[in-house]
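> Got a predicted structure plus its sequence, pasted below:
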Amino acid sequence: MWSVLAEAQREQHRRAEAQRKAAAARQRESERAQREAQRAAARGEREAVKAYQQGRESDAARRSAELDGRVAELRGVLAAGLAGPGFVLAGGGRPAVPPFDPGPLGVPVPMPDQDWYLVPPPSGPQAYQPGARRQWEEQSAQARARFEYDWQAAWAAEQHRQRQLADYRAQYDAWAAERHRLLAGRSAQAGELTARLRAGEPAAVAEYFEAVVDWREDWPDGFPADGETSWDASTRRLVVRWELPPYEVVPSVGRYRYVRSEDREDEVARPAGQRRELYREVLAQCALRVLAEVFRADTDGLLASVGLNGVVVAPDPATGQQGERCLLTVEADRAAFEALALDRVAPLDCLVDALGGRISARPEKGEAVPELPTAFAAAGEEPDLFAMDPLEFERLIAELFRRRGLRTSTTARSGDEGVDVLAEDPDPITGGKIVIQAKRYRHTVSPGAVRDLESTMRHQGANRGILVTTSGFGPGSRKHAENKPLTLVDGPLLLALLREHGLPGRLGPAPAAPAVAVPRTAAPAAELVPGQNLVLPDGELRVVFRAGGAEADLTLLLLDADGKVRHDGDFVFYHQPEAEGGAVTLRPDERSATVRTGRLPAAVRRVAVSVNLDADGDGSCADLVDPVVELSSGDGSWLFRPPADPAVSAMLVAEVYRHPADGWKLRAVGQGWSDGLAGLARDHGVDVA
């Protein structure tokens, strides 16, 4: 009996032990599962953090790659210009009318296929299960209903697409018709310009090459791409004044870096020396590209040489005043330039070493170099040398000695150390550096001026000094110059040299011509094309806008050197028809305005003339019927026909602007804003909030 009880107790103990072990195993399994869950959660958190950090690193790498792309674009400015198309006069250089491109609207909406919705009938053993047939019929009915719904939706979407495509095509056809009309007018003007070119008209040559330098629109962002030209028929020399990009076109950031430990993105600055050298290289590329474009467009061999002054709008380091600073000059002979392999040159070396150009050592600081003299008019225009601006007189003297075979440049007004013109005789044996002083005097030059020239010549390390004056020299001056490398040029000799080299000039007022009564007839108004400019005579400019169709108004903006209004009073429109005490007046009911340039303050650099449609409507410039802007000043009158762009409801049609050499000029524009007057005003600094 005791053995039976003992065995029962042992069995009970074994069961209790087994239960304990099972409970312990469950506890361990629970703890293991909990630890595994914690590890999985930690792994998930680490993966999320890792993915976030990788995303930030990828974003930094992407932005760095964009910077690298910008640098590559800057290094390829010249290559892009050489690869582009050449200027074509008949079409204004640009493609005529691009073919109709429907874009996404040209892709039909795909219609659903009924086969996609078929439900296969049950087969095999499933076919004999209870309710299988009924279930298949229900699924088939649902599929047919889905097909009908999807087909109707696709059909409606396709009808909507076709209506949109038809509207878009109608807009394109209207735009293309207007474009063809404008191109026909331009072709007629191009034919007229071609005839004037063949006739050797100097103004036509300057007009043609100004169109050449302005037509390319594929410059990188931030590049002004605006130029002016002057032409000297006697020497077949063209001078281009080209606006260069500012220093800011070169990114100041070298790359972006993500710092994991602090979860932030750092900007790594581009080394200052690298940025400066890249900017100088960009300027050199701009100059070479403009020269290449000009020579490539000269299919008739009009040009013997091209001079280029590259300027940038920047503050003067001495005065802080905003203005144009010349950063680059180059004079290119046609034969020498065409011998260059521009696709393989180092731009800076080519500009400076091969072409003898000059570029600012610190262009980022606006440090200027002396400008090349502009081309002068033919000898028919005889300016009085006594009354000539001193800087213009220096440029005239520089041009005279350039035509005598020297390489010349004028110096800056300040810091010239007594040198007005620097010249270099390129002859390898007898040549050397020459300093030239220009004295626009009415009285006899004193011997002290000759001694000063000798001192300046030695200080500059020059081989020779030349003193040019509009007056004369006394015996003391001539005696001091004897047996010295000094040359004295008095007024009569200066006039003889100017005549010899086809340059204008006289000493004193011109003799009065006998009065002859000539009947005056009104000259027909000349038509302007977008981008064309001309010098305005002194006085008033009258602007009249005429058009049928949609209602449109004239608006004028007085702008500073940055192209912005100075205050709300510079915005001349229907409710504020006058500015600067009547310097600019608007007659809204007549859609006419008057700009009195002589009464504008110096701070006003431009007056923008715009045409804008009713802000409350949805019309565009395409809704105007025969729009024309009539401009007149003095005896001159001009017409400009704004392009009928269906995407534009406000358009800058013309601008009156100050030119450092020519005074006030007029330019036809034709640039528009899709958001109307608000966009035009906002882009010119008017608060439209």
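Ah, there it is.

> measure stretch 248-258 end to end?
Across its full length, stretch 248-258 reaches 25 Å between end residues, using C-alpha to C-alpha, to the nearest Å.

> May I see the buried residues of it?
249-251, 254-256, 258 (16 or more other C-beta atoms under 10 Å). Just so you know, the C-beta spots here come from the backbone N, C-alpha and C atoms, and that holds for glycine as well.

> Repeat that for stretch 571-580.
571-573, 577, 579-580.

> Ok, stretch 500-509 next?
Under 16+ other C-beta under 10 Å, the buried positions of stretch 500-509 are 501, 503-505.

> Also stretch 333-347?
334, 337, 340, 342, 345, 347.

> And it, end to end?
Terminal-residue distance, stretch 333-347 (C-alpha to C-alpha): 17 Å.

> Off-centre distance for that stretch?
25 Å (C-alpha atoms, centre = their mean, to the nearest Å).

> same deal with stretch 202-214?
With C-alpha atoms, centre = their mean, you get 18 Å for stretch 202-214.

> Just the CA trace of that stretch, in CSV.
Coordinates of each C-alpha in stretch 202-214 appear next as CSV, following Å, rounded to 0.1, in the frame of the first residue of the first chain:
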residue,chain,number,x,y,z
PRO,A,202,26.7,103.5,-92.7
ALA,A,203,23.6,103.6,-90.6
ALA,A,204,22.4,100.4,-92.3
VAL,A,205,25.6,98.6,-91.4
ALA,A,206,25.4,99.6,-87.7
GLU,A,207,21.7,98.7,-87.7
TYR,A,208,22.4,95.3,-89.2
PHE,A,209,25.2,94.3,-86.8
GLU,A,210,23.2,95.6,-83.8
ALA,A,211,20.5,93.1,-84.8
VAL,A,212,23.3,90.4,-85.1
VAL,A,213,24.6,90.9,-81.6
ASP,A,214,21.1,91.1,-80.1
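
> what's in contact with that stretch?
87, 89, 92-93, 193, 196-197, 225-233, 238, 240, 242, 290, 293-294, 297-298, 302, 377-378, 531-533 (C-beta atoms under 8 Å, 6 or more residues apart in numbering).

> And for stretch 440-450?
Contacts of stretch 440-450 (C-beta under 8 Å, 6+ apart): 385-386, 388, 390, 393, 437, 439, 467, 469-474, 476-477, 480-481, 486, 488.

> which stretches of the stretch 501-650 of the chain aren't confidently modelled?
509-524, 549, 615-618 (pLDDT under 70).

> Do a quick rundown of the strands in it.
526-528, 533-535, 540-549, 552-559, 571-572, 578-579, 584-587, 592-596, 606-613, 624-633, 636-640, 650-659 (DSSP state E, counting those that start in this stretch).

> same question, the stretch 151-300 of the chain
So, for the stretch 151-300 of the chain - with DSSP E, counting those that start in this stretch - the strands run 227-232, 237-243, 253-259, 264-269.

> Tell me the helices and strands packed up against the first one.
Contact analysis of strand 227-232 by 3 or more C-beta pairs under 8 Å, 6 or more residues apart in numbering; DSSP states H and E lists helix 202-215, strand 237-243 as its packing neighbours.

> What strands line up against the last one, and which way round?
This points to strand 237-243. Strand 237-243 has the following sheet partners, assigned by DSSP bridges: strand 227-232 (antiparallel), strand 305-315 (parallel).

> ranking those strands by burial, who's on top?
Compared across those, strand 227-232 shows the largest average neighbour count, a mean of 23 (mean count of other C-beta atoms under 10 Å).

> Please work out which residues outside it touch it.
202-203, 205-206, 209-210, 213-214, 237-243, 290, 374-377, 502, 533, 659.

> Buried among those? Need that as a selection in ChimeraX.
To isolate the buried members of these in ChimeraX, using 16+ other C-beta under 10 Å:
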select :202,205,206,209,210,213,214,237,238,239,240,241,242,243,290,374,375,376,377,533
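
> where in the stretch 101-250 of the chain is pLDDT low?
Checking the stretch 101-250 of the chain against pLDDT under 70 turns up 127-128, 178-194, 198-200.

> Helices of the protein, start to end?
For the chain, the helices defined by DSSP state H cover 2-75, 77-83, 132-198, 202-215, 272-297, 334-338, 347-349, 390-403, 447-460, 475-481, 491-500, 676-683.

> which helices and strands sit right next to the third one?
So the one you mean is helix 132-198. helix 202-215.

> Then the second one?
Here helix 77-83 is seen to pack against helix 272-297 when contacts are counted using 3+ C-beta pairs under 8 Å, 6+ apart.

> Could I get the average pLDDT for the helix it packs on?
Averaging pLDDT along helix 272-297 gives 93.

> hang on, Glu382 packs against Arg506?
Yes - contact criterion C-beta atoms under 8 Å: Glu382 and Arg506 qualify, at 4.6 Å.

> domains of this protein?
2-75, 376-510, 526-683 (automatic domain parsing).

> quick one: which of those domains is nearest Ala156?
With respect to Ala156, and counting by C-beta to C-beta, the nearest of the domains of the chain is domain 526-683 at 25.5 Å.

> Quick one: end-to-end length of the closest one, please.
End-to-end distance for domain 526-683, by C-alpha to C-alpha: 30 Å.

> hmm, back to that, would you turn the domains of the chain into JSON lines with distance to Leu351?
Formatted as JSON lines, the domains of the chain follow (distance: least, C-beta to C-beta, whole Å):
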{"stretch": "domain 2-75", "distance to Leu351": "15"}
{"stretch": "domain 376-510", "distance to Leu351": "14"}
{"stretch": "domain 526-683", "distance to Leu351": "24"}
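
> Ok, which of the ones you listed comes nearest Arg276?
Closest among the domains of the chain, using C-beta to C-beta: domain 2-75, at 13.1 Å.

> Report the mean confidence score over that closest one.
In the prediction, domain 2-75 has an average pLDDT of 79.

> Start the count at 3 instead of 1 going forward.
With 3 as the first residue, the last one maps to domain 4-77.

> For burial, what's the neighbour tally of Gln534?
When counting by other C-beta atoms under 10 Å, one arrives at 19 neighbours for Gln534.

> Now for the nearest residue to it once chain neighbours are set aside: which residues touch it?
Spatial nearest neighbour of Gln534, excluding adjacent residues (C-beta to C-beta, 6 or more residues apart in numbering): Ala670 at 5.2 Å. By C-beta under 8 Å, 6+ apart, the contact set of Ala670 is 530-535, 642, 655-656.

> do you know which of the domains of the chain lies nearest Leu107?
Here domain 528-685 is closest among the domains of the chain (C-beta to C-beta), at 15.8 Å.

> Minimum distance to Leu558: which of the helices of the chain has it?
helix 678-685 (11.1 Å).

> Go through the closest one and flag the buried ones.
Buried residues in helix 678-685 (16+ other C-beta under 10 Å): 678-679, 681-683, 685.

> swap in stretch 49-62?
58, 62.

> Taking the centroid of the chain, which residue is nearest it?
In the chain, the residue lying closest to the centroid (C-alpha atoms, centre = their mean) is Pro226, at 2.6 Å.

> Wait, that residue touches Val251, no?
No - look at Pro226 against Val251 with C-beta under 8 Å: they stay out of range, at 10.1 Å.

> Any stretches of the stretch 353-502 of the chain with poor pLDDT?
Scanning the stretch 353-502 of the chain for pLDDT under 70 picks out the ranges 376-383, 413-420.

> Give the buried residues for stretch 266-286.
For stretch 266-286, by 16+ other C-beta under 10 Å, it's 272, 277-278, 280-286.

> Correct me if wrong: Ser307 contacts Arg238.
Yes - the pair Ser307 / Arg238 is scored as a contact, 7.3 Å apart, by C-beta under 8 Å.

> Residues in contact with stretch 110-121: which ones?
Contacts with stretch 110-121, where a contact means C-beta under 8 Å, 6+ apart, come from 138, 141-142, 145-146, 148-149, 152-153, 156-157, 159-160, 163.

> what about burial for the residues you listed, which qualify?
Buried among the contacts of stretch 110-121 (16+ other C-beta under 10 Å): 138, 149, 163.

> so how far is Trp153 from the last one?
The one in question is Arg163. From Arg163 across to Trp153, the span is 15 Å (C-beta to C-beta, to the nearest Å).

> now swap in Thr432 and tell me
93 Å.
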